[in-house]
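> Sequence plus the predicted model coming up.
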Amino acid sequence: MKSLVKLSLLLILPVFISAQPQETQLENLHGSLKNASNDTIKMDVYLNLALYYNEINRDSALFYLAKGLPIAQKLKLKLYEAQILENRGYMLTGIGNYPKALESFLASLKILEDTESEIFTWNLQNGKTPQMERLNKLGYLHLTMGHLYGRTNNTDKQISSYHQSIAIAESLQDSGLVALANMNLGGVYISLNKLDSALLFEQTALLLEEGKYRGVVLNSIGQIYEAKGEYELALDAYKKSLNHGLEQNNLTGITGSILSLSSLFITLNKPDSSLYYSRKALETSKITKQSQFMANAYQLISDVYGNHGKGDSAYTYLKMAIAIRDSLVNVQRENLLAYQNLGFDEQLRLRELEEEKATYQNKIRTNTLMGSLFTLLIIAFFLYRNNKHKQKANTKLQEQKDEIQTTLEQLKATQSQLIQSEKMASLGELTAGIAHEIQNPLNFVNNFSEVSKELIIEMNDELAVANIQLAKEIAGDVEQNLEKINNHGKRAADIVKGMLQHSRTSNGQKEPTEINALADEYLRLAYHGLRAKDKSFNADFKTEFDPNLPKINVIPQDIGRVLLNLINNAFYAVDKKAKEANPLPPKGGEESPQNQFKPEVLVSTISSKFPLGDLGVKITVKDNGNGIPDSIKNKIFQPFFTTKPTGQGTGLGLSLSYDIINAHGGEIKLESLEGEGTEFIIHLPI
């Protein structure tokens, strides 16, 4: 209520504005015009006077544009001329003179599409190039041409023009132009009753527009909320819109806000408020000479009186609204006809060019007609014969299609079996590694048990001869052995627990996981698994883990399979190179040659930026094997591709690894130099 009282007090002012700052601005412009020392300054002042009046009094705006245009043409300042023509087209569109508006827009477009116009620039802002200035004006031209397309019922072109304006504005990072284009796109979608899309565009505009048209954006948002039945939000938006229009001296925007408030108060059954605002809208529309706003104001006054049984008054104002609308319809019809005639003349010119082109082409066709006719007869014969063959071929193709379909189904079944085989092979390697790893703690348990048994026998012997001190010392040794047995027993239990956890079928649930621990465990399991299968296998392995690595949400079993595949491949590569480089072991008692190859695998982790910009974890598996030739790098992740001998690999390990990492939203890539080694890099997002 308080905000409505405040708005009402503001509207009591003669021109609904805080007059002093606006009058000062106008006085300054007239002072600049009076003291202008040359035509260039005069032209600039005329343009700024037109911009001052463009939403207050469009006749005045057109007057000053008419003053500035010949000066720009005389001085050959092409970009200024294009801007004046664009503004002139905007004003003429606003008052319904579409033919003249189109002429102005086309003249402006001709200048702005010519890069030569960049030569004629003046008074560029800091940081702006002539090209940027030209493109900026072209963006505004597409915006105002969109208004003309909307007024002439060409919605598709209207939307296209606004999007062209946005594209140019974004390339120049001109947030003001982006805001205006989004504001007008929202208006189009309001008229199409696509309210969600309209609200999205208007809210985008609201974030960027802080100047003269912010009130217009708020008014459009209010209309969307009103159409959705959210009247409180609509009322709040209308009030903010009116306040901003008053601050910016935008009489067109003020009138639109007042009309929206009046219409909403009819819906809310507040006739006094509606009547008050509709009368104020009538006053402002007379100042701006916008007949459509006047007709809307009369219609709203008529509706208020009609809703409250005052038929005579309602009829009187309705007649006024109808009279203005009839006049507007007639003018609109004449303007549209003239506008369409302009388009028709252009079409006639294009048609003449097409006819000339067609005449030339007809001469060529006449010269080749006879030969073509003979050719067609021959083609017809071959087509008839081919048609017979085609029918037979189609029958055969259908049979082949059925065979291929059957084969494809068999291949899918085979593929599923191979994938399962790969998983079982990975599980076998994992199990072998675990068996080898668990042997150490079990050996310790067995050894310390046997030693403890012997110590107990000795202790009993000492007790039998009453040698208590020595018996106590033996008991202490037994206690230490039992503690070691307990420690190694727990180690064996942990290994079994890890085996059960990481070898079970994945349930597809992600959980916070320590990547360092997972990588370390699978590195050791892979090493011992290979040692269990091949006693001659030997390689150094190192880890470089980031101690501050955070836990990340992954499926541990799946990431474990990936690590196992990559580490096994790395060990295979270095072992192969070692056997090729060192075919014979050193003889007994002889030192190894200095240049003997030392196989080595490195697994490292580090926090890093994910390729898409998010924070992530980088896991690297690196070997110093023979590397991968460039000719097969692009095949590495393909299913069934393998460089291992027949029977030693399915070709599915890296393919499955690629799919698992992708399913986690990550990335896996390969870096390799032939003869020097290979590095697989995994990025996983946190």
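Received the coordinates, thanks.

> Let me see the contact set for residue 67.
Residue 67 sits next to residue 46 when contact means Cβ atoms under 8 Å, 6 or more residues apart in numbering. C-betas here are computed from N, CA, C, even on glycine.

> ok but it is inside a helix, no?
Yes: if the criterion is DSSP: H, G, I helix; E, B strand; the rest coil, then residue 67 is within a helix.

> Could you check the pLDDT of it?
In this model, residue 67 is scored at 85, pLDDT.

> Please apply the same query to the one 5 residues further on.
Among the per-residue scores, residue 72 shows a pLDDT of 82.

> which residues does it contact?
Each residue near residue 72 by Cβ under 8 Å, 6+ apart is listed here: 43, 78, 80-81, 84.

> hmm, 6 Å instead?
By Cβ atoms under 6 Å, 6 or more residues apart in numbering, the contact list for residue 72 reads 43, 80-81, 84.

> Helices - which of these land there?
Secondary structure assignment by DSSP state H places 43, 80-81, 84 of the contacts of residue 72 in helices.

> need the contact list for the residue lying farthest from the centre of the chain.
In terms of distance from the mean C-alpha position of the chain, residue 465 ranks first, at 88.7 Å (Cα atoms, centre = their mean). Listed by Cβ under 6 Å, 6+ apart, the contact set of residue 465 is empty.

> For it, give me phi and psi.
The main-chain torsion angles of residue 465 are listed as degrees, to the nearest 10 and equal phi -100, psi 10.

> Run through the helices of the stretch 251-400 of the chain in chain order.
251-267, 271-288, 291-307, 311-464 (DSSP state H, counting those that start in this stretch).

> can you check the stretch 551-686 of the chain too?
Taking DSSP H, counting those that start in this stretch as the criterion, the stretch 551-686 of the chain carries its helices at 556-581, 653-663.

> from the middle of its chain, how far away would the first one be?
Centroid separation between helix 556-581 and its chain, computed with Cα atoms, centre = their mean, to the nearest Å, is 38 Å.

> which parts of it are buried?
If you call a residue buried by 16 or more other Cβ atoms under 10 Å, then helix 556-581 has these buried ones: 556-575, 577-578.

> what helices or strands is it leaning on?
For helix 556-581, the helices and strands in contact under the criterion 3 or more Cβ pairs under 6 Å, 6 or more residues apart in numbering; DSSP states H and E are helix 515-533, strand 615-623, helix 653-663.

> quick check: mean pLDDT across the last one?
The average of the pLDDT scores along helix 653-663 is 85.

> one step back: now the two most distant members of the ones in helices among the contacts of residue 72.
Set against one another by Cβ to Cβ, those have their most distant pair in 43 and 81, with a gap of 9.4 Å.

> how far away is the residue nearest to residue 295 when sequence neighbours are not counted from residue 282?
Counting by Cβ to Cβ, 6 or more residues apart in numbering, residue 324 is the residue found nearest to residue 295 once chain neighbours are left out, at 4.1 Å. Plainly put, residue 324 is 11 Å away from residue 282 if you go by Cβ to Cβ, to the nearest Å.

> Overlap in contacts, those two.
Residues touching both residue 324 and residue 282 do not exist when contact is defined as Cβ under 6 Å, 6+ apart.

> For residue 186, give me its contacts.
198, 201-202, 220 are the contacts of residue 186 under Cβ under 6 Å, 6+ apart.

> Let me see the domain layout of this protein.
The record's domain parsing of the chain by automatic domain parsing lists 21-173, 513-582+597-685.

> out of the ones you listed, which comes closest to residue 308?
Evaluated with Cβ to Cβ, the domains of the chain place domain 21-173 nearest to residue 308, the distance being 33.7 Å.

> quick one: low-confidence ranges for the stretch 501-650 of the chain?
Counting by pLDDT under 70, the ranges of the stretch 501-650 of the chain that qualify are 501-508, 583-595, 609-614, 640, 646-650.

> try 50 this time
Low-confidence segments of the stretch 501-650 of the chain (pLDDT under 50): 502, 589.

> now the stretch 251-400 of the chain
Filtered on pLDDT under 50, the stretch 251-400 of the chain yields the residue ranges 344, 347-348, 350-351.

> Swap in 70 and give it another go.
Residues of the stretch 251-400 of the chain that meet the criterion pLDDT under 70 lie in 328-365, 367-369, 371-372.

> And the stretch 1-150 of the chain, by the same measure?
For the stretch 1-150 of the chain, the stretches flagged by pLDDT under 70 are 1-23, 120, 122.

> Look up the closest residue to residue 315, ignoring the ones flanking it.
The spatially closest residue to residue 315, leaving aside those adjacent along the chain, is residue 302, at 7.6 Å (Cβ to Cβ, 6+ apart).

> before we move on, what about residue 74?
Excluding the flanking residues, the one nearest residue 74 by Cβ to Cβ, 6+ apart is residue 39, at 7.0 Å.

> and the one you found, how many neighbours?
Using other Cβ atoms under 10 Å, residue 39 is surrounded by 15 other residues.

> Surely it and residue 68 touch.
No: under the criterion of Cβ atoms under 6 Å, residue 39 is not in contact with residue 68, lying 9.8 Å apart.

> Please report the distance of the spatially closest residue to residue 553 that is not a sequence neighbour from residue 290.
For residue 553, ignoring the flanking residues on the chain, the nearest one in space by Cβ to Cβ, 6+ apart is residue 510 at 4.3 Å. Plainly put, residue 510 is 61 Å away from residue 290 if you go by Cβ to Cβ.

> Which one's more surrounded, those two?
Between residue 510 and residue 290, counting by other Cβ under 10 Å, residue 290 is the more crowded of the two (20 against 13).

> dump the residue contacts of the more buried one.
Residue 290 neighbours (Cβ under 6 Å, 6+ apart): none.

> let's go with 8 Å and repeat that
Applying Cβ under 8 Å, 6+ apart, one finds that residue 290 lies in contact with 94-95, 252, 255.

> Neighbour count and distance to residue 230 added to those residues, as TSV?
Formatted as TSV, the entries for the contacts of residue 290 read as follows, by neighbours: other Cβ atoms under 10 Å; distance: Cβ to Cβ, whole Å:
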residue	neighbour count	distance to residue 230
94	22	30
95	19	34
252	22	26
255	29	24
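
> For the residue nearest to residue 74, give me its contacts.
The neighbours of residue 39, taking Cβ under 8 Å, 6+ apart as the test, are 71, 74-75.

> Residue 620: which of those is nearest?
Checking those against residue 620 with Cβ to Cβ, the nearest one is residue 75 at 66.0 Å.

> Kindly tell me how buried that closest one is, as a neighbour count.
Burial of residue 75 is recorded as 16 neighbouring residues (other Cβ under 10 Å).

> ditto for residue 233
By other Cβ under 10 Å, the residues close to residue 233 number 15.

> a strand runs through it, doesn't it?
No: assessed by three-state DSSP, residue 233 does not belong to a strand; its assignment is helix.

> give the contact list for the residue nearest to residue 295.
If you count contacts by Cβ under 8 Å, 6+ apart, residue 324 has them with 291-292, 294-295, 298.
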